[in-house]
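J.: what shape does this take:
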Amino acid sequence: MSHMDFSSWPREQEASFVVFEARNAESQKKAWTLGIALGAIVFVFMVGVYAGVEPKHNDVSKDMNMSNLTKKTNAEKK
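T.: Got it, this is the predicted structure:
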């Protein structure tokens, strides 16, 4: 990280912020590392669930009585 002058403040006053800039860079690096690690864990979990859990197969048509669904004419009713 370069500590070049980036403002119009005196060098001594600007140098006092180097500690905060270093802390900011360190925190940002930790945040990215943690975010990528947790993202990878969630991705592996999602792939595991997708590959390992079989979906429920519910065939609703096996119990249907199709004769109840068609309209009968008067001649068929007698």
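J.: can you classify His57 by secondary structure?
T.: coil (DSSP: H, G, I helix; E, B strand; the rest coil).
J.: same thing with Val47?
T.: Going by three-state DSSP: Val47 is helix.
J.: distance of it relative to Ile41?
T.: For Val47, the distance to Ile41 (CB to CB, to the nearest Å) stands at 11 Å. C-beta: built from backbone N, CA, C; applies to glycine.
J.: go on, Gln28?
T.: 21 Å.
J.: average pLDDT for stretch 47-61?
T.: When pLDDT is averaged over stretch 47-61, the result is 86.
J.: what separates the strand or helix carrying Gln13 from the chain centre, distance-wise?
T.: Gln13 belongs to helix 11-15 when elements are defined using DSSP states H and E. Mean C-alpha position of helix 11-15 versus that of the full chain (CA atoms, centre = their mean, to the nearest Å) differs by 43 Å.
J.: swap in stretch 47-58?
T.: That offset, for stretch 47-58, works out to 18 Å (CA atoms, centre = their mean).
J.: what are the ranges of the helices in the protein?
T.: 11-15, 18-52, 74-77 (DSSP state H).
J.: among these, which comes closest to Asn58?
T.: Asn58 lies closest, by CB to CB, to one member of the helices of the chain: helix 18-52, at 19.4 Å.
J.: pull out the buried positions in that closest one.
T.: Residues of helix 18-52 include none that count as buried (16 or more other CB atoms under 10 Å).
J.: what count of nearby residues applies to Phe17?
T.: 14 (other CB atoms under 10 Å).
J.: what's the burial count for Glu14?
T.: 15.
J.: local confidence estimate at it?
T.: 82.
J.: surely it and Ser7 touch.
T.: Yes. Assessed by CB atoms under 8 Å, Glu14 is found in contact with Ser7 at 6.1 Å.
J.: what distance do you get for Tyr50 to Ala40?
T.: 16 Å.
J.: then the helix holding Gln13 to PDB, C-alphas only?
T.: Output of helix 11-15 as PDB, limited to C-alpha atoms (Å, rounded to 0.1, in the frame of the first residue of the first chain):
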ATOM      1  CA  ARG A  11       2.700  15.600   6.000                       C
ATOM      2  CA  GLU A  12       2.800  15.100   9.800                       C
ATOM      3  CA  GLN A  13      -1.000  15.300  10.100                       C
ATOM      4  CA  GLU A  14      -1.600  13.100   7.000                       C
ATOM      5  CA  ALA A  15       0.900  10.500   8.400                       C
END
